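# Fold the following.
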Amino acid sequence: MSRWIVEEMSPMEGETVVVTGANSGLGYEATKAFADADATVVMACRSEERGEEAATDIRREIRGGNLEVRVCDLADLDSVATFAEGLREEADGIDVLCNNAGVMAIPRQETADGFEKQLGVNHLGHFALTGHLLPELRASEGESRVVTQSSQAHTAGEMDFSDLQSEREYGKWSAYGRSKLANLLFAYELQRRLAESGADLKSVACHPGYAATDLQFRGPREMESNVRLNVMKVANKLFGQSAERGALPMLYAATSDAVTGGEYVGPSGFMRMRGSPEFQESNAASKNEADAEQLWTVSEELTGVEYDFE
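Below is the predicted model:
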């Protein structure tokens, strides 16, 4: 597996893939690869205009696949529900859902529903989206998958349920770490519940290592800090791998026959920052089943989305 490359992906003709944050970075590169494998890719984007621009660029590069741009703002649960409803009306089934979009290390903000934005977008928006699309994922012919993008920053996260929204104390990096830890707790708990239900659906987590994307620049831009922006540019150049390489763990998690469910896939190289994908171990906190169950319950209460595994 350490030498896996995107050319090893199997043909995906007739399959439907949903990618959040598909207009840039990792989502853009994954969308391009799925489409190049002849899949129909639903590009779930906050901005329809930027989504269409990205789709146009991808169509110039590849010949296969079918791209559909749809608005899905993970910071607004009404937008998530509307997006899912549109897919339910038109799709016969979903083969892969890539919960990829995210925000990183931004000043404290709130979503349209009053959630701390990093937790709201990175976890709660995707929790709601997956729950809404569960029937379509289960309706797919053959095995389907939910791939959730986490980060090695999960090791800096802590699930403080007494202040889940970071209202008493907020640190942009600690909040980001919490959201990425939540991604793993969700992915593993989803796999346990799917396995108990007997569904032909797998939940897998991944991380990109250090991928040089626009994600690193949003925080400094919102803080209007040219110093931090320049530091990020240097760090990306020195340590980052390309977004194309950073998307490999997500693509592997979504398509490899070696995946059985519940794995964590990341780069195999130096400090797990770059390299070909491999199965890895996340930290002990991410495997705390009591925290996972509590997070699941709280997430259902906050989003109003309950999963039907029957």
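# shouldn't Glu141 be in contact with Gly93?
Yes. Applying Cβ atoms under 8 Å, one finds Glu141 in contact with Gly93, separated by 6.5 Å. In short, each C-beta sits where N, CA and C put it, glycine included.
# Comparing those two, which residue is more hemmed in?
Neighbours were tallied for Glu141 and for Gly93 using other Cβ atoms under 10 Å; the higher tally belongs to Gly93 (15 against 11).
# Not counting its neighbours along the chain, what's nearest that one?
Using Cβ to Cβ, 6 or more residues apart in numbering and skipping residues adjacent in sequence, the residue nearest Gly93 is Ser140, 3.7 Å away.
# Next: Glu281.
The shortest distance from Glu281 to any residue other than its chain neighbours is 6.8 Å, reached at Tyr264 (Cβ to Cβ, 6+ apart).
# and if you look at Gly262?
By the measure of Cβ to Cβ, 6+ apart, the closest residue to Gly262 outside its immediate chain neighbours is Gln191, 4.1 Å from it.
# which strands and helices sit next to the helix or strand that contains that neighbour?
Assigned by DSSP states H and E, Gln191 falls within helix 172-197. Counting contacts by 3 or more Cβ pairs under 8 Å, 6 or more residues apart in numbering; DSSP states H and E, the secondary-structure elements packed against helix 172-197 are helix 117-119, helix 126-139, strand 144-149, strand 201-206, helix 289-303.
# tilt between the second one and helix 172-197?
Computed by axes from the mean of the first three to the mean of the last three Cα atoms, to 10 degrees, the angle separating helix 126-139 from helix 172-197 equals 30 degrees.
# cool, the longest one as well?
Calculated by the same axes, to 10 degrees, helix 289-303 forms an angle of 100 degrees with helix 172-197.
# what do you get for the fourth one?
Using the same axes, to 10 degrees, the interaxial angle of strand 201-206 with respect to helix 172-197 works out to 160 degrees.
# what angle do strand 201-206 and strand 144-149 make?
With the same axes, to 10 degrees as the basis, strand 201-206 and strand 144-149 are set at 20 degrees to each other.
# Could you tell me how far strand 201-206 lies from the centre of the chain?
For strand 201-206, the gap between its own C-alpha mean and the chain's C-alpha mean amounts to 11 Å (Cα atoms, centre = their mean, to the nearest Å).
# what comes up buried for it?
Neighbour-count burial for strand 201-206, with 16 or more other Cβ atoms under 10 Å as criterion, is recorded at 201-206.
# Next: stretch 156-173.
Judged by neighbour count using 16+ other Cβ under 10 Å, the buried positions of stretch 156-173 are 156-157, 159, 164-166, 172.
# try stretch 114-125
Buried residues in stretch 114-125 (16+ other Cβ under 10 Å): 115-125.
# CA atoms of that stretch as CSV?
Extracted C-alpha coordinates of stretch 114-125, given in CSV (Å, rounded to 0.1, in the frame of the first residue of the first chain):
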residue,chain,number,x,y,z
GLY,A,114,-25.2,29.4,16.5
PHE,A,115,-22.5,26.8,16.6
GLU,A,116,-18.8,27.6,17.0
LYS,A,117,-17.8,27.6,13.4
GLN,A,118,-14.9,25.1,13.3
LEU,A,119,-17.0,22.5,15.1
GLY,A,120,-20.1,23.5,13.2
VAL,A,121,-18.6,23.2,9.7
ASN,A,122,-16.0,20.4,10.2
HIS,A,123,-18.2,18.1,12.3
LEU,A,124,-21.8,19.1,12.8
GLY,A,125,-22.5,20.0,9.2
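# pLDDT of that stretch, averaged?
Stretch 114-125 carries an average pLDDT of 98.
# Pull up the gap between the spatially most central residue of the chain and Thr148, please.
Central residue check for the chain by Cα atoms, centre = their mean: the C-alpha nearest the mean position is that of Asn100, 2.2 Å away. According to Cβ to Cβ, to the nearest Å, Asn100 and Thr148 sit 8 Å apart.
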